[in-house]
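# I would like the atomic coordinates for the input below:
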Amino acid sequence: MIRSMTGFASGKGEYGPHSWTWELRSVNGKGLDMRLRVPDWLTGLEVALRAALSKSLSRGNVTLSMRLTREDSASELALNEVAMAAALSALDQTHKMAAARGIALEPARASDLLALKGMLDATADADDPAPLVARLTEDFNDLLAAFVEMRRAEGEALATVLNTQLDQVAALTAQAADLAVHRKDKMAATLRDNLAHVLDNAQGADPDRVAQELALIAVKADITEEIDRLSAHVDAARELLGQEGAVGRKLDFLMQEFNRETNTLCSKAQSTELTAVGLELKAVIDQMREQVQNVE
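A predicted model of the protein is given here:
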């Protein structure tokens, strides 16, 4: 079954002090164009995400954004031993200088020292990002599965619309074939009248040559090949709609062929009714072409 290039999925997760949110969306595109916004310090994450996307998707402009936050707590703060040693030395020297001058100082409290700038360091930058990257990659697989499923559901809806439009094309093609059969006698009579008129007014003209030219005109007005090709294109389109994988480019090419045959049919019509059918065919095919632009 075909898939749409339009899709959206979001999710969230957490691991230790980290929490995150995902947003994955895509729109139509000629190829697979991926734009990822993930933190640079998560080494290897973007490479893993791109590989997963490339494996599951063939076409579309894909945008992935991830917002990562971390909640620090006191247990995740490390004592800066160098800064503390310097502070204690300074404190000891201060007490000695005050005592030498007969000044009594209040005892210092540990909380006062810990409150000094640079005394406690957050350990976030020292964490190994590998476990977090592994967890994020695993979580992304669930997000990607939901995203692909949405594109599949959209593709199923597209297939329903396209099959309905193919039914219209098939019905209009059959109608054009019937009109072509009914106009044969009329065209033959018209050609005979034209031949008689030309022969009556063309002294010295070769009757066989004139007949050949009129026969050539009749052949050029025949739309049998166009009808046959349109019917074949309908069958080919139905077959593509039932296939798995990316068939959007093939369907897009087929729409061009549909349009080419319909244009030729209209140019050969020589009938108000047949021209009307041809124009209606063009309208339906144009609607199909717009829908096909969404197919992966």
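
# tell me where the model's unsure across this protein.
72-77, 121-127, 184-221 (pLDDT under 70).

# that one - how does it break down into domains?
7-71+128-151, 81-118, 154-292 (automatic domain parsing).

# pull up the distance across the shortest one, start to finish.
For domain 81-118, the separation between the terminal residues is 10 Å (Cα to Cα, to the nearest Å).

# distance from the chain centre to that domain, please.
65 Å (Cα atoms, centre = their mean, to the nearest Å).

# buried sites along it?
For domain 81-118, burial by neighbour count (16 or more other Cβ atoms under 10 Å) applies to 83, 84, 87. C-beta: built from backbone N, CA, C; applies to glycine.

# do the same with stretch 133-152
Buried residues in stretch 133-152, defined by neighbour count with 16+ other Cβ under 10 Å: 133, 135-137, 139-140, 143-144, 146-148, 150-151.

# what about these, which are in helices?
In this view, those that belong to helices under DSSP state H are 133, 135-137, 139-140, 143-144, 146-148, 150-151.

# as TSV, those residues with distance to residue 64 would be great.
What follows is these, written out as TSV (distance: Cβ to Cβ, whole Å):
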residue	distance to residue 64
133	15
135	17
136	12
137	13
139	13
140	8
143	9
144	9
146	13
147	9
148	13
150	14
151	14
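
# need the contact partners of stretch 273-293.
Stretch 273-293 is contacted by residues 28, 158, 161-162, 165-166, 168-169, 172-173, 175-176, 179-180, 183, 223, 230, 248, 251-252, 255, 258-259, 262-263, 265-266, 269 when judged by Cβ atoms under 8 Å, 6 or more residues apart in numbering.

# and residue 1, which of the domains of the chain is closest to it?
domain 154-292 (5.9 Å; Cβ to Cβ).

# most remote residue from the middle of this structure, which is it?
Distance from the C-alpha centroid of the chain, by Cα atoms, centre = their mean, peaks at residue 102 (81.0 Å).

# so which residues of the stretch 1-150 of the chain form strands?
Using DSSP state E, counting those that start in this stretch, the strands of the stretch 1-150 of the chain run over 7-15, 18-27, 32-37, 60-70, 77-79, 120-122.

# export those strands as TSV, with columns for distance to residue 288 and mean neighbour count.
Shown next, in TSV, are these (distance: least, Cβ to Cβ, whole Å; neighbours: other Cβ atoms under 10 Å):
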stretch	distance to residue 288	mean neighbour count
strand 7-15	21	16
strand 18-27	20	18
strand 32-37	24	14
strand 60-70	20	18
strand 77-79	64	12
strand 120-122	59	15
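
# JSON lines for those strands, including distance to residue 241?
Putting the strands of the stretch 1-150 of the chain into JSON lines (distance: least, Cβ to Cβ, whole Å) gives the following:
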{"stretch": "strand 7-15", "distance to residue 241": "19"}
{"stretch": "strand 18-27", "distance to residue 241": "21"}
{"stretch": "strand 32-37", "distance to residue 241": "21"}
{"stretch": "strand 60-70", "distance to residue 241": "18"}
{"stretch": "strand 77-79", "distance to residue 241": "60"}
{"stretch": "strand 120-122", "distance to residue 241": "56"}
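
# if we can go back for a sec, residue 243: which of the ones in helices among the buried residues of stretch 133-152 is nearest?
Using Cβ to Cβ, residue 151 comes nearest to residue 243 of these, at 15.5 Å.

# quick check: the closest one touching residue 2?
No - in this structure, residue 151 is not within contact of residue 2 by Cβ atoms under 8 Å, at 9.6 Å.

# shared neighbours, these two?
Listed as contacting both residue 151 and residue 2 by Cβ under 8 Å, 6+ apart are residue 296.

# please name the nearest non-neighbouring residue to residue 5.
Sequence neighbours aside, residue 60 is the residue nearest to residue 5 in space, at 3.9 Å (criterion: Cβ to Cβ, 6 or more residues apart in numbering).

# hang on, that neighbour packs against residue 35?
No - Residue 60 is not in contact with residue 35 according to Cβ under 8 Å; the separation is 11.3 Å.

# tell me, how many residues neighbour the closest residue to residue 66 other than its chain neighbours?
Leaving out its chain neighbours, the residue that sits closest to residue 66 by Cβ to Cβ, 6+ apart is residue 38, at 4.9 Å. Residue 38 is flanked by 20 other residues according to other Cβ atoms under 10 Å.

# returning to that earlier point: ok, now how distant is the residue nearest to residue 5 from residue 263?
Look at residue 60 and residue 263: by Cβ to Cβ, to the nearest Å, they are 30 Å apart.

# quick one: residue 57 from residue 44, how far?
20 Å.

# now do the buried residues in stretch 225-234.
226, 227, 229, 230, 231, 233, 234.
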